[in-house]
Every structure is written in structure tokens, then in C-alpha cells.
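Student: 3D model of this:
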Amino acid sequence: MITTITVNVSGIVLIGLVVWWFLIKKPKATSMQNDSIEIKVRDGVYDPPVIQATKGEQLHLRFLREDTSPCSEVVVFHGLDVSAELPVGTVHEITLTIDEPGEYEFTCQMGMYRGKLIVA
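Tutor: The predicted structure is shown next:
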């Protein structure tokens, strides 16, 4: 009886944590400084995951891939028709100029690593 209750409560808590992590938690946005920002690719995430920029400015996104997972090999910018291979341990710079305000998602090729570029 106690084991059943413990398992059920643990399951409900874990479901709540999954819902919070994937649906409710919103990462803070990092603003571009000097039109350049370093984005670390490690532990299954882009850090910082959300970047704010101004339309029409040239952006220099400097990706440093620390994760050796095959999923982290490529970054894809959806809606911008831009992608790049990221070598391990080396900074790879992607230069963008976005003239349309909006939110542009960037992910790995499998969609597991996720980030967002907010252009205002």
C-alpha cells in the first residue's frame, strides 16, 4: 500500500517537473553587446538560449561547441535559411543581418538543442 502511494506520488512529481521544464520555464533573454555574442553548445543546450537583437544590425554569433554529441554538430536557423557545421573546441562565427522583426528559432539538426533569436 505505502509502496503504491510512493510510486504514484513520485510519478506525479516527475510529470510536473517535465511539464515545468519543457512548457512553463522561460529562459531570460540575453541582449547583444557590441553586435557579437558567444553561444556555448554544451550539456544538451545552447547557452544563452535566448538572444535579443535589433533589426538591421549585423550580428556575429560565435558558437563554441564543447559537446561531442553528434546532435550538436550542426546549427540550423529556421526561417533564415542558414545552417552551419560546428567543430568541437573551436569558435565558429555566423554573421547575420536580419531586417524583419520577429522570433527566429535555431536548433540542432534533430531539434533537440533549442534556442531563439528575438529581433525587434
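Student: would you map the helices across this structure?
Tutor: 2-19 (DSSP state H).
Student: could you list the low-pLDDT ranges of it?
Tutor: 20-34 (pLDDT under 70).
Student: make it 90
Tutor: 1-36 (pLDDT under 90).
Student: how about the strands in it?
Tutor: Secondary structure of the chain (DSSP state E): strands at 30-31, 36-42, 45-47, 50-53, 58-65, 74-77, 82-85, 91-97, 102-108, 114-119.
Student: using TSV, lay out those strands together with mean neighbour count.
Tutor: Quick note: C-beta positions are derived from backbone N, CA and C, even for glycine. Below are these laid out as TSV (neighbours: other C-beta atoms under 10 Å):
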stretch	mean neighbour count
strand 30-31	13
strand 36-42	17
strand 45-47	18
strand 50-53	19
strand 58-65	18
strand 74-77	19
strand 82-85	14
strand 91-97	14
strand 102-108	17
strand 114-119	19
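Student: gap between the two ends of stretch 94-113?
Tutor: Taking C-alpha to C-alpha, to the nearest Å, the first and last residues of stretch 94-113 lie 17 Å apart.
Student: one step back: next, format the strands of the chain as TSV and append distance to S10.
Tutor: Listed next are those as TSV, based on distance: least, C-beta to C-beta, whole Å:
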stretch	distance to S10
strand 30-31	35
strand 36-42	29
strand 45-47	26
strand 50-53	32
strand 58-65	36
strand 74-77	36
strand 82-85	41
strand 91-97	42
strand 102-108	31
strand 114-119	27
